[in-house]
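1. Predicted model and sequence below, questions to follow.
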Amino acid sequence: MPRHLGLIWTVRKGSEPPEGSLEMPLFRAEELTYSKVRALDPAKTICFLPVSALEVHGPHLPLGMDLFMALWMAEETGRRFAERHPDWNVLLYPAVPVGADELAVAGSVDCGPQAVYRAVLGHGRSLARSGFRFVVVTNGHGGPRHAATLESVCRSVSRRYRISMFTPSIAVLHAIVSGRILSRIEEVLGRPLSDEERQAASAGGEHAGLWETSFMLAGNPSLVEPNWRDLPPDAPPKVAFLAGATSFLARVSERLGFSAAGIREVGESLSGGVGWLLNMRYGYGGPTVTYHGSPAAASPELGSAFREVLVRECLEVVEEVALGRRSALEVRSIASSFPPIRAEFARRLVWAGALALLGVLAL
């Protein structure tokens with residue numbers, strides 16, 4: 001059986017692949033014939049599937065920001081995995097441009113959580129039936145229902161078809177944006193963050209702000225409008241009722257002896273998310289907000305460090321699962337902490353109600 005059937009190398013324009021890179025077993029799924037797919041060893045093949053939204057990202061970043069990030073994570077994580085494990089094949093699938101909870105302004109494409117669920121379920125089911133055992137879904141979109149749906153459908157496919165399908169990038173992105181692993185960014189930078197960078201990084205939210213603007217400046221600067229340097233910090237309005245309810249639930253949790261950190265974080269996200277939705281549709285809180293964070297603090301240098309930490313963290317999770325050190329079902333983020341926002345929650349609630357009604361009628 002041939003070891004290398006089709007080889008790719010993803011680089012920035014004008015750069016050259018490093019010496020020996022043509023020996024890495026990376027394949028683009030859309031370029032393979034049926035006979036070549038059949039020649040792959042399913043047990044030693046790992047599939048990468050980028051799934052993200054087309055969405056407005058401020059006045060300065062392209063609609064495909066999240067899709068570019070998901071695609072880059074798939075290609076770069078896949079390349080490094082192939083480099084470190086040449087006995088494996090890496091199969092890269094085309095990006096799927098679906099998402100939920102996009103900003104409701106002209107240019108965004110909101111497919112909804114059910115469409116995201118069905119699309120990823122269809123891909124996962126097809127790959128499982130083809131015999132593949134490992135599927136990595138990469139994502140750059142932070143919509144609450146989008147992220148929750150991706151993690152949920154990955155677990156569903158893993159259980160139903162007994163494969164390992166998981167999405168590592170949501171937890172990794174959250175760890176960076178929430179400031180939990182800034183020390184790793186500084187380690188790659190080789191210096192401490194400046195006061196301006198640290199303040200922007202600790203602002204508590206990200207959408208076309210410090211991190212995403214830096215990401216694009218490092219890899220696709222021609223797609224960034226020059227006005228990014230002049231944009232002031234901005235954030236969506238929060239819904240006071242949700243913020244108050246979250247605070248109450250957190251206090252109750254603490255009095256019962258449980259940690260309230262997760263409740264506060266989920267509540268903060270929901271309050272801002274609902275506030276942003278109301279802002280987009282009804283003008284709640286003032287003028288339309290199209291980004292969250294401080295784009296002016298961004299830089300190509302910071303973007304390169306962000307990319308490096310992002311791919312290192314994703315690669316670590318991929319290796320743990322592929323090499324049997326971690327279950328795919330254990331790969332989850334805070335997005336999975338609030339069941340009502342998952343795509344299948346309403347359907348299961350309806351079925352549970354129907355079964356309960358049948359039970360009552362049968363008595």
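-> Looks like it arrived, so ask away. The structure displayed is predicted, hence computed values, not measured ones.
2. ranges for the strands of the chain?
-> 26-28, 45-50, 89-92, 134-138, 164-166 (DSSP state E).
3. Ok, which of those strands comes nearest L67?
-> strand 45-50 (7.0 Å; Cβ to Cβ). Placement of C-beta: from N, CA and C, glycine included.
4. what lines up beside that closest one in the sheet?
-> strand 89-92 (parallel), strand 134-138 (parallel) (DSSP bridges).
5. For the stretch 151-300 of the chain, which residues score under the pLDDT cut-off?
-> Applying pLDDT under 70 to the stretch 151-300 of the chain picks out residues 243, 260-263, 265-266.
6. again, 80 this time
-> 203-205, 240-273 (pLDDT under 80).
7. can you tell me which residues contact R155?
-> The contact partners of R155, by Cβ atoms under 8 Å, 6 or more residues apart in numbering, come to A328, L329, R332.
8. switch the cut-off to 10 Å
-> M165, F166, T167, A328, L329, E330, V331, R332, S336, R342 (Cβ atoms under 10 Å, 6 or more residues apart in numbering).
9. Kindly report the same for W276.
-> Contacts of W276 by Cβ under 10 Å, 6+ apart are 101, 103-104, 205, 207, 235-239, 284-285, 288-290, 292.
10. and with 6 Å instead?
-> P236 (Cβ atoms under 6 Å, 6 or more residues apart in numbering).
11. Tell me the spacing between it and G205.
-> Shown here: W276 relative to G205, a distance of 10 Å by Cβ to Cβ, to the nearest Å.
12. Any chance of the backbone angles for S194?
-> Torsion angles at S194 (phi, psi; degrees, to the nearest 10) stand at phi -70, psi 170.
13. and what of A95?
-> With angles defined as degrees, to the nearest 10, A95 sits at phi -70, psi 140.
14. just checking, it touches L49?
-> No: if you go by Cβ atoms under 6 Å, A95 and L49 don't touch, sitting 8.3 Å apart.
15. Mind pulling up the pLDDT for F81?
-> Here the pLDDT value assigned to F81 is 97.
16. and the end-to-end length of stretch 47-67?
-> 17 Å (Cα to Cα, to the nearest Å).
17. For burial, what's the neighbour tally of the nearest residue to V331 once chain neighbours are set aside?
-> Sequence neighbours aside, F166 is the residue nearest to V331 in space, at 4.0 Å (criterion: Cβ to Cβ, 6 or more residues apart in numbering). If you count neighbours by other Cβ atoms under 10 Å, F166 ends up with 26.
18. what's across from F166 in the sheet?
-> With DSSP bridges as the rule, F166 is bridged to V136.
19. Tell me which residues touch it, please.
-> C154, A328, V331.
20. so which of the residues you listed would you say is closest to I185?
-> Checking those one by one against I185 (Cβ to Cβ), the nearest turns out to be V331, at 22.1 Å.
21. Write down the beta-bridge partners of H207, one by one.
-> Beta-bridge partners, per DSSP bridges, of H207: H292.
22. now it: how far from T246?
-> 20 Å.
23. Compare these two (neighbour count), which wins?
-> H207 (28 against 20).
24. Provide the backbone phi and psi angles at E55.
-> Here is the backbone geometry of E55 (degrees, to the nearest 10): phi -150, psi 150.
25. can I assume it is in contact with S108?
-> Yes: E55 is within contact range of S108, at 4.6 Å (criterion: Cβ under 6 Å).
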